[in-house]
Each structure stands twice: as structure tokens, then as C-alpha cells.
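K.L.:
any chance you can model this:
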Amino acid sequence: TSKRAASDVYRLYVDGLACPFCAYGVEKNILALDGVEKLDIDMAGSFITVVMETGSVLEEETAKQAVDDSGFTLRRFEAGK
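P.N.:
Here you go, the predicted structure:
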């Protein structure tokens, strides 16, 4: 297994992730962003872990817009998780 650079992984803390149907809208919007390799939604923790393709960067404003467009609020954005 290869070790990822810390900046390839982001954690988005999202208010309102209560059900799988809700999470699907956010998942769809984030997966549509350029450079997103995969994501994992933790509804219990209300956060989304986003893994970017090598060399791709997820900007906080881009993540915020994708979450807002899904009808949710980005509470906190962390790079390198």
C-alpha cells in the first residue's frame, strides 16, 4: 500500500446529515467535483472524508459550495486528515 500525502485527504464536517437519502445528495455533488477519487460519509459523526486524486487539491470554497448546493451547511473544513 502506498502512503498518501496528507493534503490528498480532507474532512468536511456537515450540519444536517441525518439519513442516507440526505447524504446521497451531498455525495453526488462532491463526487462531481474535479479530482475527487472517493469519499466516505460518517452520518454518526456528521462528517465526510474526501480522498482526492494525487496532485488534486480541494479548496474550502469549492467544498462549501458543493455542500451548500446540497442544502446543507459546511461547519468545518480540515485538510490532511
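
K.L.:
how far does the worst-scoring helix or strand of the chain on mean pLDDT sit from the chain's center?
P.N.:
When the helices and strands of the chain are compared on mean pLDDT, DSSP states H and E, helix 20-31 comes out lowest with a mean of 91. With Cα atoms, centre = their mean, to the nearest Å as the basis, helix 20-31 stands 10 Å off its chain's centre.

K.L.:
neighbouring strands - and their directions - for the following helix or strand past it?
P.N.:
Sequence order places strand 36-42 as the next helix or strand after helix 20-31, per DSSP states H and E. Using DSSP bridges, the strands paired with strand 36-42 in its sheet are strand 47-52 (antiparallel).

K.L.:
using CSV, write out every CA atom in the strand it pairs with.
P.N.:
Presented in CSV, the C-alpha positions along strand 47-52 are these (Å, rounded to 0.1, in the frame of the first residue of the first chain):
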residue,chain,number,x,y,z
PHE,A,47,-18.5,14.3,8.5
ILE,A,48,-17.4,13.4,5.1
THR,A,49,-13.9,12.1,4.3
VAL,A,50,-12.9,13.1,0.8
VAL,A,51,-9.9,11.5,-0.9
MET,A,52,-8.5,13.4,-3.9
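
K.L.:
that one: how far from the chain's middle?
P.N.:
Taking Cα atoms, centre = their mean, one finds strand 47-52 lying 4 Å from the centre of the chain it belongs to.
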